[in-house]
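Enquirer: generate coordinates for the sequence data below:
(2 chains)
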Amino acid sequence: MKKLILLCLVLLLSGCVDKEILDDINIEVGVGYDLADDLKDKYRGTVLFQEFQPDKSVINRTFSGSGKLRQDLLLEVTKQSSEPVVTGGLKLAVFGPELSKKGIYDLVDSFQRDASIGARVFVATSEGKAEDMLNGEYGTRGNSTYIYNLIQHNIEHRDIPKTNLHILANDYYQEGKDPFLPRLKKLDDDKVEIAGISLFSKDREVEVLPVKDMFFFKLLVDKYSEGNFDVKLKKDELAAVKSLRSKHKIKITDHHASITINIEGIIREYTGDKLASEVVGAVQKNLEKKVEKECLRLLKQFQELGIDPIGLGQMKKSKHRNFDFKKWEDDYKTLSFDVKCNVTIEETGVIE
Amino acid sequence: MKEQPVPERLQISPFLVFYLVMSMQIGIGVLGYQRIIAMDAGYDAWISILFAGACIHVIVWMIYKIGDTVGGDIVTAHKYVVGNFLGKALCFIFIGYFILYSLTVVRTFIEVIQVWMFPELSTFWFSFGFMILCVYIIFGGFRTVVGTAFFGLVLPAYLLLTFGWAIKFSNFYNLLPIWDHSIKELLTASYHMSLTFIGFEIILFFYPFIKEPKKSQKWAHLAVLTTTLIYTILAIITFAYFSEDQLAKQIWASLTMWKIVEMPFVERFEYIGIANWNLIILPNVCISIWIASRLIKRVFNIRQKVGVFFVVAAVLSVIHFLDTREKINMLNNYVGKMGFAFTFLYIPLLFAAVMIAKKLKKGKKK
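Expert: Take a look at the predicted model:
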């Protein structure tokens, strides 16, 4: 009898919460924000849904709306969508250029507050409107998956430093460090590319780092596990260094920061006559020189902009008790740098 | 005034004390203690956890000394010190304490479900279902409760590993420099650990149920040590994962860390984690209801089953009125403070009283 009552209760009580069946909801997979044209509204948001077809293809559907809050946008979008909208599958958030310059934190905060949004969401800025960015037709697996994978493999193998929603929030709240985000550009209706790195001061975009600086930027803020770089030797000789691994060490004294970057790699391609050991030496030296020069330039540039994406302040704080960030802000302006780079070429491929 | 001893078939092996203590300690506090201690001692707060853990060892030692001297639970100890009537009257507070404790655990867990998973979950019906399960377990006797404690600890233990995902996104430099805070700040943080740490005091209530109580002491100490280490490690990972101002905003830092978990078969790991947490909560509630009902039985000389129904009815009748974050937070604070007062003030006091009473009684015999 007792067991029977229990069984009944189990069956009855399981109906207590709302069900959400995958086929009957719209899962928000990507979202883009721009400044609204109408001054009354604050944002214009575009929400991207995926609709899976029986033949496994994916239809991209976007809805746009304006409002003062992120929830307003969702409300607006829900009005147009035939099924209820859920946010649990969000993978990508794109911010338009004007909005990034004005500050993005209100929106990022609302992502954080939403229990259903994960920490691995990629946040990016866009050149051109975020709405247009999401409105393309990229790849066959849906726009959101396409851009997500684009950023993902560029983090793993190429020049984007590790980034996601958690890291953005972490950097934003960390004193003595400023966030940065990858920047995307829509080339065509079916193509997107990485267009650089947006550098932020608190939550405002202040500068865009061009693609050619991204290699050096990643050396400074992150480590490489599988990078790639072409070294120019004299005349038309070029050598491609692959499988780059890098690590950086930062030492800060009162008015001086010295940064040591260690790089290990393999030469994969060479356009000269013979890859003799002198040439390997030259490749090493040229790469070292190049890295030292460019990194120093970047550091100076950050200093002029008054931003600290590397987290020198945070680094210094970890070495000093009762650290005063107010004083650090002044100190940073007069900080001097030196960059030392050590390159080791381990292999030169299967032929000599 | 000799009490009848607990028959051996109802007693438990000494090593099971390990599971009882640990599963009672680990409950809802662990979901968000990091922020609370970091408010006082910043990222040095892990030192406070170790310190609080060390203090608890002393208290556990006192508990065993009390139990050993009076040969029974806290009611016996009270009778030993202040006599029958007053001793029973003192136990009233503890009935209230454990009812409140179970109420806090259930309500806070429901809040977590409501915020993270199902906002429309009915507080009353969920706790009603939960309570039926608890009553069912408690009616099975103390040994069944201990069995729940065992499984409630062993089965969800894998959840500890899931925090490994956060390490990949952690910066352990956050913890440096060590000793950036004053001793006073560190002590305040230790004090605020109390809600997370309380639970070990239950030994004082089931002492007569342990087969060879003396042998179980090492297990109790081991349990406290393990909990302390788990809390410290989890705190260190949390501090490395969040920047300090970011952590200050996380009500449930441990749950937020699950947002980074990535598995091929599940998009949001929190759903699995929170559902599993049900198992961790279950022994918490069962043990505290069992203790409250046992105290009722000892004080009023009525059947324990009546006591169980009374406690459950009390919890169910109040739980509906705790509907906002502030109220729940207040409840948590109160229980934390009561727990602190009970474990760190009352137990040493009782210990001293028992020791004095023992001396006096010896003197009389001579």
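
Enquirer: domains of chain A?
Expert: What the TED database lists as the domains of chain A is A:23-211, A:223-351.

Enquirer: want to throw those domains into a markdown table with mean neighbour count?
Expert: No exception for glycine: its C-beta is placed from N, CA and C like everyone else's. As requested, the domains of chain A are arranged in a markdown table below (neighbours: other C-beta atoms under 10 Å in any protein chain shown):
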| stretch | mean neighbour count |
| --- | --- |
| domain A:23-211 | 19 |
| domain A:223-351 | 16 |
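
Enquirer: let's have those in TSV, adding mean pLDDT and distance to chain B.
Expert: Converted to TSV, the domains of chain A look like this (pLDDT from 0 to 100; distance: least, C-beta to the nearest C-beta, whole Å):
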stretch	mean pLDDT	distance to chain B
domain A:23-211	86	4
domain A:223-351	83	4
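
Enquirer: for B:Val30, which of the ones you listed is the nearest?
Expert: domain A:23-211 (18.2 Å; C-beta to C-beta).

Enquirer: so A:Gly139: helix, strand or coil?
Expert: coil (DSSP: H, G, I helix; E, B strand; the rest coil).

Enquirer: where does the closest residue to it other than its chain neighbours fall, phi/psi-wise?
Expert: Using C-beta to C-beta, 6 or more residues apart in numbering or on different chains and skipping the chain neighbours, the partner closest in space to A:Gly139 is A:Tyr146 (3.9 Å). For A:Tyr146, the backbone dihedrals are phi -60, psi -50 (criterion: degrees, to the nearest 10).

Enquirer: pick out the residue in the stretch 51-200 of chain B sitting closest to chain A.
Expert: Relative to chain A, the nearest point of the stretch 51-200 of chain B is B:Leu176 (3.7 Å; C-beta to the nearest C-beta).

Enquirer: quick one: contacts for that residue?
Expert: A:318-319 (C-beta atoms under 8 Å, 6 or more residues apart in numbering or on different chains).

Enquirer: for residue 112, which non-adjacent residue is closest in space?
Expert: Chain wasn't specified; assuming chain A. Nearest to A:Gln112 is A:Ala169, by C-beta to C-beta, 6+ apart, at 5.8 Å.

Enquirer: um, chain B though
Expert: B:Ile274 (6.1 Å).

Enquirer: go on, B:Val154?
Expert: B:Tyr19 (7.7 Å).

Enquirer: what strand or helix carries the one you found?
Expert: helix B:16-25 (DSSP states H and E).

Enquirer: does anything pack onto the helix or strand following that helix? Which helices or strands?
Expert: The element immediately downstream of helix B:16-25 (helix or strand, assigned by DSSP H and E) is helix B:33-41. Packing partners of helix B:33-41 (3 or more C-beta pairs under 8 Å, 6 or more residues apart in numbering or on different chains; DSSP states H and E): helix B:45-70, helix B:183-192, helix B:213-241, helix B:244-247, helix B:253-257.

Enquirer: residues in contact with the shortest one?
Expert: When you say that, I think you mean helix B:244-247. A:169-170, A:172-175, B:34-35, B:38, B:42-43, B:174, B:238-239, B:253.

Enquirer: then that helix to PDB, C-alphas only?
Expert: C-alpha atoms of helix B:244-247 as PDB (Å, rounded to 0.1, in the frame of the first residue of the first chain):
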ATOM      1  CA  GLU B 244      37.900  39.100  -7.000                       C
ATOM      2  CA  ASP B 245      35.200  41.600  -8.000                       C
ATOM      3  CA  GLN B 246      33.600  39.000 -10.200                       C
ATOM      4  CA  LEU B 247      33.400  36.500  -7.400                       C
END
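
Enquirer: mind listing what's buried in that helix?
Expert: Neighbour counts over helix B:244-247 (16 or more other C-beta atoms under 10 Å in any protein chain shown) mark B:246-247 as buried.

Enquirer: residue numbers of chain B in contact with chain A?
Expert: Taking C-beta under 8 Å from any C-beta of the partner chain, the part of chain B that reaches chain A is made up of B:115-118, B:120-122, B:125-126, B:129, B:132, B:136, B:169, B:173-174, B:176-177, B:179-180, B:241-246, B:249, B:256, B:259-260, B:262, B:267-268, B:270.
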